[in-house]
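Asks: okay, predicted coordinates and the sequence, questions at the end:
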Amino acid sequence: MKISKSKLKKYIVHIKFIVLFLLVLFLYGFAANRHSNKKIDKIDIEFKNGNNLFITYETVNKLLIQKLDTINNQTIESLHLNNLEKFVKINVMIQNAEIYSTIDNKLGAIITQRTPVLRVVNGLESYYYDELGKKMPLSENYSARVPIVSSKIDEDNNLDIINLSKRIKEDDFLKKQVIGIDQNEKEGVNQFILKTRIGDQIVILGTVQNFNNKKNKLKAFYQKALADSTLKNFDTINLKYENQVVCTKK
């Protein structure tokens, strides 16, 4: 039985395609096998949120090596990245960790530090609250520039003061000027007093309602008082009243 030239060409094309497919499959399997048998020889650590490190590169590196036992004996295939992430996140300074491996024998770690927004100094106790409203210990590596609270904060009723601290942190003017916050509860509503850096005034904020309006009033007051050199004459700055700033003189 003769095979026509056209059919022969089709067979040859199909055979070439099958051979090429098998070759690609073989090379992929060979590369994957080589990659899985490679050993980690380097750890790259990246901090996602800033250079002020509450936890150091060295500490994260030690955590990873501790979990891997002897890192030089660990192959890429034997790594359980999810377990590594969970282990690293046990550290109280770390909010999140993303662990990955690369084809060039590296283990990578992207670390998100916890971000303090408030510091409590109460008797012998001193600690931070982070932006999620959770307690955070002080760091031996870095001291955050955040408002200080001297009274104890109820963890079940800290949402207002945490949100206020976050908004202070996000505003350049307030971040530089506000050094302390006092909180008291009146008729079931949290009231706040801010302690200032320049002029040593007390700013009566009241509740966190209409915060942006109160912030803008305070900025306008400081701009005028600094321009005419009268800031030093005032003892308190009250922002509780609508469309006005009420001050008391020293």
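Replies: Received, thanks. This is a predicted model, so every value here is computed, not measured.
Asks: domain ranges for this protein?
Replies: Per automatic domain parsing, the structural domains of the chain span 1-36, 42-113, 116-249.
Asks: any stretches of this structure with poor pLDDT?
Replies: By pLDDT under 70, the low-scoring segments of the chain are 1-17, 19, 21-40, 69-79, 187-188.
Asks: strands along that one, start to end?
Replies: Using DSSP state E, the strands assigned to the chain run over residues 42-47, 94-101, 106-113, 116-122, 125-130, 135-136, 148-149, 178-186, 189-196, 202-206, 234-238, 246-249.
Asks: now the domains of the chain as CSV including mean neighbour count?
Replies: C-betas here are computed from N, CA, C, even on glycine. As requested, the domains of the chain are exported to CSV (neighbours: other C-beta atoms under 10 Å):
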stretch, mean neighbour count
domain 1-36, 10
domain 42-113, 16
domain 116-249, 15
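Asks: could you find the closest non-adjacent residue to Ile110?
Replies: In this structure, Ile110 finds its nearest non-sequential neighbour in Glu98, 4.2 Å apart by C-beta to C-beta, 6 or more residues apart in numbering.
Asks: give me every residue that touches that neighbour.
Replies: Listed by C-beta atoms under 8 Å, 6 or more residues apart in numbering, the contact set of Glu98 reads 85, 109-110.
Asks: one more: Glu131?
Replies: Applying C-beta under 8 Å, 6+ apart to Glu131 gives the contacts 114-117, 162, 166.
Asks: and it, how far from Ile90?
Replies: Noted for Glu131: a distance of 20 Å to Ile90, by C-beta to C-beta, to the nearest Å.
Asks: just Ile237 next, same as before
Replies: Here the criterion is C-beta to C-beta. By it, Ile237 lies 45 Å from Ile90.
Asks: over to Ser126?
Replies: The gap separating Ser126 from Ile90 is 23 Å, by C-beta to C-beta.
Asks: what residues does the nearest residue to Ala144 once chain neighbours are set aside make contact with?
Replies: Nearest residue to Ala144, sequence neighbours excluded (C-beta to C-beta, 6+ apart): Pro116, at 4.5 Å. Applying C-beta under 8 Å, 6+ apart to Pro116 gives the contacts 54, 128-131, 136, 144, 146.
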